[in-house]
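**Student:** predicted model and sequence follow; I will ask about them next.
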Amino acid sequence: MAQCEVRAIPPFLLSGKDGGVWRDAERLLDGVELARGKAMSPASGRMFLAGRVAQRVFAGELLSLPAADLTVAYSCLQCGTGPGTGHGRPGYSYRGAPVPLALSLSRAGGWTLLAAVVGASPGTRLGADIEDPSRTGFDGFDGLALTPAERRNLRNVTVELLPAARARLWARKEAWLKMTGDGLRIAPSTVDVSARPGLRDLGPAETGLPAHLAAAVALSGPVHASGSGGSGSS
């Protein structure tokens, strides 16, 4: 049974010119990542770079390798895989060889969730997601996001618990669609996530996330989560 390592990163409390984030980014990240961060708005760029730094440090710790010695090697269905690809499915190489590590990253409510499978065989696919219930209450959410069966199941949920129930379903859908690589190219309202192999919810005791955030992980095989929640840093 594959073991999924998870780590929650608390909200980054940034101030001033956020020199620490940029120093860490310039020390650890590759040019394609830095360029992508610089192309964003200042706030979005800081969050993007801080997440990439945290993910790289996480990967280095799990592999017992210096984080600065890893080379980004994301995989995109359209663009392929390699050091020039900084988007798509996360991945790294070390001294020219792919590292045996499946990765996924998600953000919500200021928090970042990192997930990884160490020793992943080629083709292992992983998806993790966190969702804030406050973002699921807009008109039309159910029609946009849920299957008919899921909408029926929510009829018995009290109004107070509806946002959390919706967030749980949305986290499961996002995790599943990240794992498959389909993303939102597939209409989420066509994907029932009540029972899918390798897909499960993650509780706050496993992740270190606040209890109000929903979290899920999907793996292309049986999965057991091992948390190190809250212990990471950027």
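**Tutor:** Right, received. Where do you want to start? Numbering: from 1, shown residues only.
**Student:** C-alpha from now on. contacts and neighbour counts both.
**Tutor:** Fine.
**Student:** the chain: helices as residue ranges?
**Tutor:** Applying DSSP state H to the chain gives helices spanning 19-28, 31-38, 42-63, 141-145, 148-153, 162-180, 204-207.
**Student:** would you mark the buried spots in the fourth one?
**Tutor:** Counting neighbours by 16 or more other C-alpha atoms under 10 Å, one finds that the buried residues in helix 141-145 are 142, 145.
**Student:** what lies in contact with it?
**Tutor:** Helix 141-145 is contacted from outside by 151, 170, 187-189, using C-alpha atoms under 8 Å, 6 or more residues apart in numbering.
**Student:** tell me the gap between it and the middle of its chain.
**Tutor:** On the basis of C-alpha atoms, centre = their mean, to the nearest Å, helix 141-145 is displaced by 22 Å from the centre of the chain it belongs to.
**Student:** may I have it exported as CSV, CA atoms only?
**Tutor:** Extracted in CSV, the C-alpha atoms of helix 141-145 (Å, rounded to 0.1, in the frame of the first residue of the first chain):
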residue,chain,number,x,y,z
PHE,A,141,-22.9,25.9,-7.2
ASP,A,142,-24.8,22.6,-7.1
GLY,A,143,-25.7,22.7,-10.7
LEU,A,144,-22.2,23.6,-11.7
ALA,A,145,-20.3,21.2,-9.5
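**Student:** tell me the mean pLDDT over that helix?
**Tutor:** Averaged over helix 141-145, pLDDT sits at 92.
**Student:** so for the closest residue to Leu184 other than its chain neighbours, what's the pLDDT?
**Tutor:** Spatial nearest neighbour of Leu184, excluding adjacent residues (C-alpha to C-alpha, 6 or more residues apart in numbering): Leu177 at 7.2 Å. Per-residue confidence (pLDDT) for Leu177: 93.
**Student:** for Ala73, same thing?
**Tutor:** For Ala73, the pLDDT comes out at 89.
**Student:** pull the number of nearby residues for it.
**Tutor:** 25 (other C-alpha atoms under 10 Å).
**Student:** what's it sitting at in phi/psi?
**Tutor:** Main-chain dihedrals, Ala73, degrees, to the nearest 10: phi -150, psi 70.
**Student:** state the distance from it to Pro188.
**Tutor:** 28 Å (C-alpha to C-alpha, to the nearest Å).
**Student:** and Ala115, by the same measure?
**Tutor:** Taken as C-alpha to C-alpha, the span from Ala115 to Pro188 is 22 Å.
**Student:** cool, and Ala149?
**Tutor:** Applying C-alpha to C-alpha, the value for Ala149 to Pro188 is 13 Å.
**Student:** per-residue pLDDT, the residue sitting furthest away from the middle of the chain?
**Tutor:** Farthest-out residue of the chain from its mean C-alpha position, per C-alpha atoms, centre = their mean: Asn156, at 30.2 Å. You'll see Asn156 listed with a pLDDT of 91.
**Student:** returning to what we had before: can you check which of the helices of the chain gets nearest to Ala195?
**Tutor:** Within those, the stretch nearest Ala195 is helix 162-180; the backing value is 10.1 Å (C-alpha to C-alpha).
**Student:** from the contact counts, what lies against that closest one?
**Tutor:** Packing partners of helix 162-180 (3 or more C-alpha pairs under 8 Å, 6 or more residues apart in numbering; DSSP states H and E): strand 126-131, strand 199-201, strand 214-219.
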